[in-house]
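J.: Mind looking at a prediction? Sequence and model below.
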Amino acid sequence: MTTFSPDTVRRIEDAAAALIAAGIPNPTNEQVRQHLGGGSLPLREQVARMNVTGEHFGALLQETRAELKESREDGRALQAELLNLACHDEKTKK
């Protein structure tokens, strides 16, 4: 396996990030290569591994967002229940 210099890895990461910022959520090896203005097969393999990692983190982000949404809904339901109990308590005291 070819080891890439930190500069090369940074250039690949920067290219992938630029493509993501441009609205391409999962840039392909070829898109990154084109953005860099060329590249060799080992670079393509490195980008492929980075894409897999990016997809993994994207899936984790979606799961986290879903959990956050559920937690917020639970919080709203609990607040409504607390308000209902407080109103009921006030009525029974009168």
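T.: Looks like it came in fine.
J.: what helix or strand does residue 16 sit in?
T.: In the assignment (DSSP states H and E), residue 16 maps to helix 6-21.
J.: Buried residues of that helix, list them for me.
T.: Within helix 6-21, the residues that count as buried by 16 or more other C-beta atoms under 10 Å are 8, 11, 12, 15, 16, 19. The C-beta positions use only the backbone N, C-alpha and C, and glycine is treated the same way.
J.: possible to save those residues as a markdown table with pLDDT and distance to residue 86?
T.: A markdown table is the format used below for the buried residues of helix 6-21 (pLDDT from 0 to 100; distance: C-beta to C-beta, whole Å):
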| residue | pLDDT | distance to residue 86 |
| --- | --- | --- |
| 8 | 84 | 62 |
| 11 | 90 | 59 |
| 12 | 89 | 57 |
| 15 | 92 | 56 |
| 16 | 92 | 52 |
| 19 | 94 | 52 |
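J.: quick one: which of those residues is nearest residue 47?
T.: Set against residue 47, the nearest of the buried residues of helix 6-21 by C-beta to C-beta is residue 12 (5.7 Å).
J.: Tell me which residues touch that closest one, please.
T.: 4, 32, 36, 43, 46, 47, 50 (C-beta atoms under 8 Å, 6 or more residues apart in numbering).
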